[in-house]
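Trainee: Predicted model, plus sequence, below.
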Amino acid sequence: MRIDKYLWCVRYYKTRNMVTEACKKNHITVNGQVAKPSKEVFPTDKITFRKDQITQIITVLDIPESRVGAKLVDMYRKNETPAEAYAHLELLKLSKEHYRKSGTGRPTKKDRRDIDEYGNEIFDEDEVE
């Protein structure tokens, strides 16, 4: 089965066109070699690609006939992505929540005072050391 069809069938990408674009940008490798969209995949092949700021590593277990349901995906692939990658993604999400939400406008006077106070605390600690 073609790599673009396989990644679409096991629900890593929403459309085959998205997989094709990723292949053209050299984001997908099969067994360490950059893959074109027409590259054939077989069981035991190791596919590596970067999606949502995580480098996904999967091993092909079997080839599906067509797109499969989300509950059946594990029959066709083995996810070997390290747990640290998912932990790093959670950390990124938390760090983005720390900042002001986009579209909330300019900082209020109180926000500005808090920012200035935080900056002064950092400089005061540096002078003490």
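Mentor: Ah, there it is. Residues are numbered from 1 along each chain as shown.

Trainee: So for the spatially most central residue of the chain, what pLDDT did the model give?
Mentor: Centroid-nearest residue in the chain, with CA atoms, centre = their mean: Asp52, separated by 2.2 Å. Looking at Asp52, its pLDDT stands at 80.

Trainee: Now it. Nearest residue, chain neighbours left out?
Mentor: Spatially, and ignoring its direct neighbours in sequence, Asp52 is nearest to Leu89 (7.0 Å; CB to CB, 6 or more residues apart in numbering). Where C-beta positions appear, they are placed from N, C-alpha and C, glycine not excepted.

Trainee: Count the neighbours of that neighbour for me.
Mentor: 13 (other CB atoms under 10 Å).

Trainee: Can you tell me which helices and strands the helix or strand harbouring it packs against?
Mentor: Here Leu89, judged by DSSP states H and E, is contained in helix 83-98. Under the contact definition 3 or more CB pairs under 8 Å, 6 or more residues apart in numbering; DSSP states H and E, helix 83-98 sits against strand 54-60.

Trainee: Can you give me the distance of Asn79 to Met1?
Mentor: 18 Å (CB to CB, to the nearest Å).

Trainee: now Gln33
Mentor: For Gln33 relative to Met1 (CB to CB), the value is 17 Å.

Trainee: Neighbour count for those two, which is higher?
Mentor: Met1 (15 against 8).

Trainee: contacting residues for the residue nearest to the more buried one when sequence neighbours are not counted?
Mentor: Leaving out its chain neighbours, the residue that sits closest to Met1 by CB to CB, 6+ apart is Ile63, at 4.8 Å. Going by CB atoms under 8 Å, 6 or more residues apart in numbering, Ile63 touches 1, 6, 41-43, 76.

Trainee: Name the member of the residues you listed with the most neighbours.
Mentor: Tyr6 (25 neighbours).

Trainee: how about the nearest residue to it, chain neighbours excluded?
Mentor: Nearest to Tyr6 is Val41, by CB to CB, 6+ apart, at 5.1 Å.

Trainee: roughly how far apart are the one you found and Asn31?
Mentor: Distance of Val41 to Asn31, given as CB to CB: 9 Å.

Trainee: No more questions from me, cheers.
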